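Novice: Provided below are the primary sequence and the corresponding predicted coordinates.
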Amino acid sequence: MRRPLPEELGLDPANESPFKGKTGLRRVWNAFRYSLDGLRAAYLCEDAFRQETWLALLLIPLALWLPVGWLASALLIASLLLVLVVELLNSAIEAVVDRVGLENHRLAKRAKDIGSAAVLVSLCLVVVVWGGVLLEKL
């Protein structure tokens, strides 16, 4: 099966980012640098991400110290990392919405509220996972 051309998918390669054409190790290195830039921006500009980062930095060692199996430790840590991932996505959504316009609009509010709800759900998952693992040990 042949791979479809960008034009066949309704894409216009001439209007894509010039960095999209990079391949190999150069692309990997650029992606890594952009990721670090994103983490730095989130930490410096987003209070919630900073707070959740510190929470993860406190709880990850605790997850490794607790007398539970490796799978339970992995679940504890994964639940914390998921919060960070969801917060990064929420912050990205908020930045794009603010870039489009700062005026109040029902769709902008909806996008931001849904992103915030995703963070809340991920935090609830942390409570459920940590509660379940700790209750099992009692």
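Specialist: Happy to help now that I have it.
Novice: Look up how far E16 lies from the spatially most central residue of the chain.
Specialist: Most central residue of the chain, judged by C-alpha distance to the mean C-alpha position with C-alpha atoms, centre = their mean, is V85 at 2.1 Å. As judged by C-beta to C-beta, to the nearest Å, V85 and E16 stand 25 Å apart. C-beta coordinates here come from the backbone N, C-alpha and C atoms, glycine included.
Novice: Does the residue nearest to the centre of the chain lie in a helix or a strand, and which?
Specialist: Under the assignment given by DSSP states H and E, the secondary-structure element containing V85 is helix 70-100.
Novice: what do you get for R2?
Specialist: Following DSSP H and E, one finds R2 outside all helices and strands.
Novice: Equivalent analysis for L134, please.
Specialist: L134 belongs to helix 106-137, assigned by DSSP H and E.
Novice: which of the residues in that helix are buried?
Specialist: By neighbour count, with 16 or more other C-beta atoms under 10 Å as the criterion, the buried positions of helix 106-137 are 108, 111, 115-116, 118-119, 122-123, 125-126, 129-130, 133.
Novice: which of those residues sit farthest apart?
Specialist: Longest distance between any two of the buried residues of helix 106-137 is 38.4 Å, between A108 and V133; criterion C-beta to C-beta.
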